[in-house]
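A.B. asks: Next come a sequence and a model predicted from it.
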Amino acid sequence: MELGRELFEEHAAEVSRTLHLAPVNFDRKRYERLEEIGALLVLAAWSHSGELVGYSVNTISPHLHYRDLIVAQNDVLFVRRNARASKIGLHLIQRTEELARERGARMCLWHAKEDTALERLLPRLGYDTHEITFAKEL
């Protein structure tokens with residue numbers, strides 16, 4: 001099994017509202033292309049025993065409406081349940097911000113499911129609501 005797939009499936013099973021529409025199926029070529037052009041920022045968190053317990057995956061690119069604004073857009077952020085008592089999630093967010101800033105980003109965008117720890121944490125880190133996303137199955 002490719003690195004991280006088990007953790008991503010755990011992530012999807014916990015928070016995805018669309019698994020009934022499509023199973024987890026990474027678009028590996030698209031991620032590789034983003035990495036080739038320098039637009040992918042991936043961080044991993046490991047336990048002391050060497051277990052992958054979390055990750056943050058982001059794209060960094062000019063905003064489509066404001067091409068002079070470089071934005072770090074979160075793709076996924078997850079920390080395994082048994083590691084959440086630590087500050088791994090906070091460290092992933094903070095390190096993502098640092099690395100995005102080093103790559104020229106002037107804004108970070110994170111999406112959070114309603115009523116989650118992430119939704120409660122982001123305002124404490126200085127984030128405010130930028131937009132609200134609505135979804136409808138077709």
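C.D. replies: Received it, and whenever you're ready, just let me know what you need.

A.B. asks: Counting residues, which helix of this structure comes out longest?
C.D. replies: If you go by DSSP state H, the chain has its longest helix at helix 88-102.

A.B. asks: Now that helix - C-alpha only, CSV.
C.D. replies: This file holds the C-alpha atoms of helix 88-102, laid out as CSV (Å, rounded to 0.1, in the frame of the first residue of the first chain):
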residue,chain,number,x,y,z
ILE,A,88,0.5,17.9,16.0
GLY,A,89,-2.4,19.6,14.1
LEU,A,90,-1.4,23.0,15.4
HIS,A,91,2.2,22.4,14.4
LEU,A,92,1.1,21.2,10.9
ILE,A,93,-0.9,24.4,10.4
GLN,A,94,1.9,26.7,11.8
ARG,A,95,4.6,25.0,9.7
THR,A,96,2.4,25.1,6.6
GLU,A,97,2.0,28.9,7.1
GLU,A,98,5.8,29.3,7.5
LEU,A,99,6.7,27.3,4.4
ALA,A,100,3.9,28.9,2.4
ARG,A,101,5.2,32.4,3.4
GLU,A,102,8.7,31.3,2.3
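
A.B. asks: Give the bridge partners for M107, please.
C.D. replies: V71 (DSSP bridges).

A.B. asks: Now the terminal residues of stretch 77-84, how far apart.
C.D. replies: 12 Å (CA to CA, to the nearest Å).

A.B. asks: How far away from the center of its chain is that stretch?
C.D. replies: 12 Å (CA atoms, centre = their mean, to the nearest Å).

A.B. asks: residue nearest the centroid of this protein?
C.D. replies: Nearest residue to the geometric centre of the chain (CA atoms, centre = their mean): V76, 2.6 Å.

A.B. asks: List phi and psi for that residue.
C.D. replies: With angles defined as degrees, to the nearest 10, V76 sits at phi -150, psi 150.

A.B. asks: Beta-bridge partners for it, please?
C.D. replies: Here V76, judged by DSSP bridges, has bridge partners V57.

A.B. asks: Do I have it right that it meets V57?
C.D. replies: Yes - contact criterion CB atoms under 8 Å: V76 and V57 qualify, at 4.9 Å. (Each C-beta comes from the backbone N, C-alpha and C, glycine too.)
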